[in-house]
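In: Test case, fold it:
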Amino acid sequence: MASKAASDALAGSAGAPATRPPGGAAAASGPYPGTEPGGKYLAPGVAGAAKILVVGPLGVGKTTLIGTVSEIRPLSTEALMTRAGARVDTLGGRTKTTTTVALDFGRITLDGDLVLYLFGTPGQQRFLPAWRDLAKGALGALALVDTRDPAASFDALGNLEDLDLPFAVAVNAFPGSPEHSEDDLRVALDLLPSTPLVSCDARDSRSSVLALIALVRHLVHAATESS
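Out: Model (predicted):
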């Protein structure tokens, strides 16, 4: 369950994240190339802020999603994979030459008054100590899943449960990914009925923002239930 801190941090914004402007687009700030010069400063109407983790296995799209939605130039600690790392960090034959070694960071404002600070975690389990540090002060997490290898997400989901951090799951749509019913995915990932499960394309701002909105709704509901 989310702590009272979630309710306090989201106070005044509980209904706002789900609001959409005419046309159905998610109400969110634009990615950094189209924002005000620099995009460094918060809007004057900001009423709350929350630290959110973006988690998942190697190559699932964490860096891409944060870069897609961030209203500031995202910080990324991508590094070339070493030969030793490439031998253990496999993607089932798919190619990846870089990996996050510390964190990714971005910022997005929902409906002009709720700021989410997004922290992407490394995808490998050997970076669990960094995970624990990044999780300090976080109110929740968005866990990305690749249906080509759902089992690769087990470590990330287990870490969130161990940390007692509420989360939503977003299935990142890769070209050629197999399609599964929601019920089958819930069973495969061992999700609670209350855990949000949505689809997104980490390269697409609108669907990625909607995934974050699903998480915020979940946090607000959980905080309300526990208060």
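In: tell me, which helix in the protein spans the most residues?
Out: helix 205-226 (DSSP state H).
In: then that helix to CSV, C-alphas only?
Out: Listed next in CSV are the C-alpha coordinates belonging to helix 205-226 (Å, rounded to 0.1, in the frame of the first residue of the first chain):
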residue,chain,number,x,y,z
SER,A,205,4.7,10.3,-25.9
ARG,A,206,1.0,10.0,-25.6
SER,A,207,0.9,6.3,-24.8
SER,A,208,3.9,6.6,-22.4
VAL,A,209,2.2,9.5,-20.6
LEU,A,210,-1.0,7.5,-20.3
ALA,A,211,1.0,4.7,-18.7
LEU,A,212,2.3,7.2,-16.1
ILE,A,213,-1.2,8.5,-15.5
ALA,A,214,-2.4,5.0,-14.8
LEU,A,215,0.4,4.7,-12.2
VAL,A,216,-0.6,8.1,-10.6
ARG,A,217,-4.2,7.0,-10.4
HIS,A,218,-3.1,3.8,-8.7
LEU,A,219,-1.0,5.7,-6.2
VAL,A,220,-3.8,8.2,-5.4
HIS,A,221,-6.3,5.3,-4.9
ALA,A,222,-3.9,3.3,-2.7
ALA,A,223,-3.1,6.4,-0.6
THR,A,224,-6.8,7.2,-0.2
GLU,A,225,-7.6,3.6,0.8
SER,A,226,-4.9,3.5,3.4
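In: Check which residues of that helix are buried.
Out: Buried residues in helix 205-226, counted by 16 or more other C-beta atoms under 10 Å: 205-223. No exception for glycine: its C-beta is placed from N, CA and C like everyone else's.
In: what do you get for stretch 156-168?
Out: Within stretch 156-168, the residues scored as buried using 16+ other C-beta under 10 Å are 156-157, 159-160, 163, 165-168.
In: Which of the residues you listed fall within strands?
Out: Counted as lying in strands by DSSP state E, out of the buried residues of stretch 156-168, are 167-168.
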